[in-house]
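K.L.:
my questions are about this predicted structure, shown below with the sequence.
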Amino acid sequence: MLSAFTARPIIELKQRDKSKIESILAYGDRVLVGLNTGSLRIYRVNDIPPSDATNESSQPDGQPTPKPPGQKPTDLLREVEKFSTRAIEQLAIIKGANTLVSLSNYAVSLHDLQTFEPIEAPLSKTKNASTFAVTSNVVQDPSTGVPEIISRLAVAVKRRLLLWSWQESELSPDVTEILLSESIRSLTWANATKIVCGMNGGFVIVDVETGSIEDIVGPGAIGTTGGQGRFGSVSATGMSYMGLGSYIPKPLSTKLAEGELLLAKDINTLFIDDLGKALEKHQIPWQAAPESIGYSYPYILALQPPVKGTLEVRNPDTLSLLQTISLPGAAALHFPPPTVSVQHTGKGFHVLSDRAVWKMEATDYDSQIDELVKNGRLDEAISVLGMLEDALLKNKTETMREVKMQKAEVLFKQKKYRESMDLFNEDEVDAPPERVLKLFPKIIAGDLSGVEEEEKKDESDHEGSTDGKPYSEPDHKPEPEAVASPPRGGGGGGFAKYLMGHRKQLNPETASIASSRRTQDDDAASIRGRSSEEHAQEEREKDLKNAVLELNSYLAGARARLQRVIDPATGKLKPKKPQSESLNRLLAAQASGGGGGHENAAHDHLLLSPHADESDLQLEAEYQHTFKIVDTTLFRAFMYSRPQLASSLFRIPNFCDPDVVNERLVEHNRFNELVDFFYGKKLHREALNLLRKFGSCPEPDDAAPGLHGPQRTVMYLQGLPPEMIDVILEFSEWTLRQNPELGMEVFLADTENAETLPRDKVVEFLRGVDVRLETKYLEHVIGELGDGTPEFHNRLVELFVMQLKEGKKKDEEWRGLMERLVRFLRESRQYSLGRALSQIPKEDPPFYEAHAVVLSNMGQHRQALVIYVFKMKDYAKAEEYCNHIHKTRDLASSPSSDQQETDTDQPSIYHTLLSLYLRPPSPHEPNLGPALDLLSKHGSRLPATSTLSLVPDSLPVSQLESYFRGRMRSANSMVNETRVVAGLRRTSHLAAQALLFLGDGIPGGQAGRNRRVVIGEEKMCGGCHKRLGRSVVAVMPDNRVVHYGCLGRSKGERPMSPGSVMSGNSGNVKGWGRV
């Protein structure tokens, strides 16, 4: 049991004293005792030395401690013998008014608290009073807003409720009277303005300011006056009391913490708030009706009848019985007034009997919690911790956290895995992963496991049998000798001798039958034993799987909390921000783990507490270590419970231990997930070795058929950054040799990684593999990526020429390669022309066109045309070449250059080709056919003087008809074009003049010089905002009218002269006018 309170007798009447204690009042160091004789005794309570207090509190269950000799807990200061003529039944004080209130002789009296002289005795209208209640509260004055102390006295006189009030220390002459339906038997103030009245028929709550009365009605069978229910006079309970000599139990009530009240009648209870509304709480399981009830923070107290003389201490949250204190003859409870004791500091109260008064002193709250934890009452400890304020405990947060972790461990052992992990994962708990993992076997927790697995007797038969145990459960098997051993002794009875001595004389057939029957029985027993073991093993594995499934939620929560302080992608601390209290507890748990009796304190913390002198690197290392534990355990849990979820962990940044992941995934042949894990951990070499191992096999491996071939390796290499070019080149070689087309995707893919690879290293690498792959890569980076490196261009020309020389001519592939070379030579401007010219064979006919392209790029157009005309004899390509050169010159020159060239009869590229046709170098003969065709098509581009000089004199003029027709058509076209341009310019000039003089005719548009503005007497200047009057004005383009002097200020221009404005000759103020 809990030792929440310790009873210390402070007042004991002597044996010769025939008086009896009826009531007491304790305030400060004074105790007023009212006797049945009407006398009032005033005691002073002495302070007890700490050593004495320690000795007294050491008694078990808070039982009263015998007073040591010579020690006086109280001193009698004074006795007022004629205080009253009858027994003093109740005492109270109104401290603000220095007034003592007493109930005696069925009347309430007021006395001075210092002199005990009567102020008003008895108080008017209080005859036949049965009880009273006092309260003092700080109330803000609604008119002035100044807080003041208002005390109220409520007196029950049969059915009437009388109310007096003191404002500061002055008694108000007004007396409020409220009439109820029944006689009032108990009073309890709910707050400053409401009071709960207990009657035989039930409870009501009265508002003393408005006089309103509300019945207290709760859920279920709870009634009020005249109704049926627990508190109804006509209920089953009430009828039973009426049958027992008309005894009706007294209604009891007491105020609890946080605006709650407890109502009790017999063994029935009801919790309400200070507004009279019932709360959803169970009834207190009292075995007998209490004599009195009360509340001492934070416990509910119930005093049993004097015959039993016991005080029960209960938890108001769980309603569990925490302590029972034996107090012989105890009859009443006394609690300090609210004005004297603050809720959490008024830990003491008093219990009185006819002959003694005990002071109940609360023990240290930390000791109470430790005692509850030691006794295994963790739920009670958690509940009490939740009710206590932080200032009352040394470290409430850590104590609550430790108790909840112990509770979670107990739930785990009870196989309540979900509740356990939810408790571990609460924000107020944030249990360290190391402590949680101690509950799991090594298959989940690894080296952090605190479970001692059962030693396997036969590893071949029971291999892996302990993998599924959540915790060790030793199997208690009887020894074989104890089961099958026969009786041993020197001499046996006849029946024993018969069994032992004459067994050999049995019938052989009978013996064989008996032997076979025994064998069958032994087999059946062994089968039953094996089936029970298998069943137990299945249950253990099932339990472990359920526990692991719930562990996943805890690990996910711990991982989310760690991500608040450390970036899992980089492993670096995030910028420091104000951390929540729960996160600080998670990341800075004390190494001691908060106590609690754990043997291994090293596992009771998550991280060491961060000190001011610790560097960020140390904190970062600690966080990374914790993150590694969480992620590695999460991986083990996934692999045990849901292996398909393991890959999802690898797709995000994680801190899993590579050795553990590698071992477990290889064991389960989950190589795809292993590759994903290596990629996430940036262990690229290990992943690529694994891919090469399975990808380069001739046949797919049954363990990883999806990794066969270079496809996965290529995809993996495409995801690597350019910084890992050495690894990319190393592991792409086998893919290029096995499937060059697919392997080249590593370098040719349309991705940022492929485009930013170091191209010089790639070119050098591909050169060692295959020059065709090098050619393909160079074409890609030059043609698609626009690389202008001259070395790459020169190398590509060299590769083209080399492959063409080595290739089989007239082949389809060879012709395609030649076309690519010619196209590259024509389009590129970065390769060395001299180097390319030296590499291309000059006398090899297939290379004639390539040679001509190089000469063309060098500006040697005549030599290029010689190749087309005399070597290749391809006149169409020669003409096409001239067209290309002519267009290139047109783009580079002005539009009128062609006309100037024609007018000045300068020779063109067509003239060069014509000269080769008509006056070829020896030993070639003139070729009139292509020459005449050229004259007919491009005669307009051939100057007449130079062209006719090339034509042979023997050539008939009729064959030159097309040439002359083209020349004349070209001249006419130029004349016509000039006329059209002159007409268009004239039209544009007229339109501009019309717009200037007449405007555009659009409402609100430009009006030109034909604008009209109206200036009235009230017209204001748009610049100075003065009236225009008869001043010289100017009109702005937007039709604003300003003074001529304001013209420059309004537009930031110097003022123009009136003449220049009107004439419109000023370039700065075009369109302005003067009126």
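P.N.:
Sure thing, it's come through.
K.L.:
which residues of the stretch 251-400 of the chain fall in helices?
P.N.:
Assigned by DSSP state H, counting those that start in this stretch, the helices in the stretch 251-400 of the chain fall at 365-374, 378-387, 396-413.
K.L.:
in a markdown table: these, plus mean neighbour count, distance to residue 618 and mean pLDDT.
P.N.:
To be clear about C-beta, it is placed using only N, CA and C from the backbone, and glycine gets the same treatment. Shown next, in a markdown table, are the helices of the stretch 251-400 of the chain (neighbours: other C-beta atoms under 10 Å; distance: least, C-beta to C-beta, whole Å; pLDDT from 0 to 100):
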| stretch | mean neighbour count | distance to residue 618 | mean pLDDT |
| --- | --- | --- | --- |
| helix 365-374 | 19 | 33 | 93 |
| helix 378-387 | 20 | 33 | 92 |
| helix 396-413 | 21 | 23 | 93 |
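K.L.:
out of the ones you listed, nearest to residue 919?
P.N.:
helix 396-413 (107.8 Å; C-beta to C-beta).
K.L.:
next secondary structure after the closest one?
P.N.:
For helix 396-413, the succeeding helix or strand toward the C-terminus, using DSSP states H and E, is helix 417-424.
K.L.:
nearest to residue 318, out of the helices of the stretch 251-400 of the chain?
P.N.:
Nearest to residue 318, of all those, is helix 378-387, at 5.2 Å by C-beta to C-beta.
K.L.:
can I get the closest one in PDB? Just the C-alpha atoms.
P.N.:
The C-alpha trace of helix 378-387 is given here as PDB (Å, rounded to 0.1, in the frame of the first residue of the first chain):
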ATOM      1  CA  LEU A 378       2.400   2.000 -12.600                       C
ATOM      2  CA  ASP A 379      -1.000   3.100 -13.700                       C
ATOM      3  CA  GLU A 380      -1.500   4.800 -10.400                       C
ATOM      4  CA  ALA A 381       1.900   6.400 -10.500                       C
ATOM      5  CA  ILE A 382       1.100   7.800 -14.000                       C
ATOM      6  CA  SER A 383      -2.300   9.100 -12.800                       C
ATOM      7  CA  VAL A 384      -0.900  10.800  -9.700                       C
ATOM      8  CA  LEU A 385       2.000  12.300 -11.700                       C
ATOM      9  CA  GLY A 386      -0.600  13.700 -14.200                       C
ATOM     10  CA  MET A 387      -2.500  15.400 -11.300                       C
END
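K.L.:
show residues contacting it.
P.N.:
Contacts with helix 378-387, where a contact means C-beta atoms under 8 Å, 6 or more residues apart in numbering, come from 2, 257, 298, 315-318, 320, 322, 365, 368-369, 372-373, 393, 396, 399-400, 403-404, 406-407, 410.
K.L.:
if we use 7 Å, what do you get?
P.N.:
If you take C-beta atoms under 7 Å, 6 or more residues apart in numbering as the criterion, helix 378-387 is touched by 298, 315, 317-318, 320, 322, 368-369, 372-373, 396, 399-400, 403-404, 406-407, 410.
K.L.:
using a markdown table, please lay out the helices of the stretch 251-400 of the chain together with distance to residue 879.
P.N.:
What follows is these, written out as a markdown table (distance: least, C-beta to C-beta, whole Å):
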| stretch | distance to residue 879 |
| --- | --- |
| helix 365-374 | 105 |
| helix 378-387 | 100 |
| helix 396-413 | 93 |
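K.L.:
out of those helices, which is closest to residue 127?
P.N.:
When these are compared by C-beta to C-beta, helix 378-387 sits nearest residue 127, at 43.0 Å.
K.L.:
doesn't residue 1031 belong to a helix?
P.N.:
No. Read with DSSP: H, G, I helix; E, B strand; the rest coil, residue 1031 is coil and lies in no helix.
K.L.:
list the contacts of it.
P.N.:
The contact partners of residue 1031, by C-beta under 7 Å, 6+ apart, come to residue 1043.
K.L.:
switch the cut-off to 8 Å
P.N.:
When contacts are counted by C-beta under 8 Å, 6+ apart, residue 1031 touches 1043-1044.
K.L.:
residue 1019 versus that one, what's the distance?
P.N.:
Residue 1031 is 11 Å from residue 1019, where distance means C-beta to C-beta, to the nearest Å.
K.L.:
now swap in residue 7 and tell me
P.N.:
Applying C-beta to C-beta, the value for residue 7 to residue 1019 is 106 Å.
K.L.:
repeat that for residue 739.
P.N.:
Going from residue 739 to residue 1019 by C-beta to C-beta gives 89 Å.
K.L.:
for residue 158, same thing?
P.N.:
97 Å.
K.L.:
what's the burial count for residue 993?
P.N.:
11 (other C-beta atoms under 10 Å).
K.L.:
just the element for it, please.
P.N.:
Per DSSP H and E: helix 961-998 holds residue 993.
K.L.:
report the next helix or strand after that helix in sequence order.
P.N.:
Remark: after helix 961-998, the chain's next helix or strand is strand 1033-1035, criterion DSSP H and E.
K.L.:
name the strands paired with that next one and say parallel or antiparallel.
P.N.:
Its sheet considered, strand 1033-1035 pairs with strand 1041-1043 (antiparallel), strand 1073-1074 (antiparallel) by DSSP bridges.
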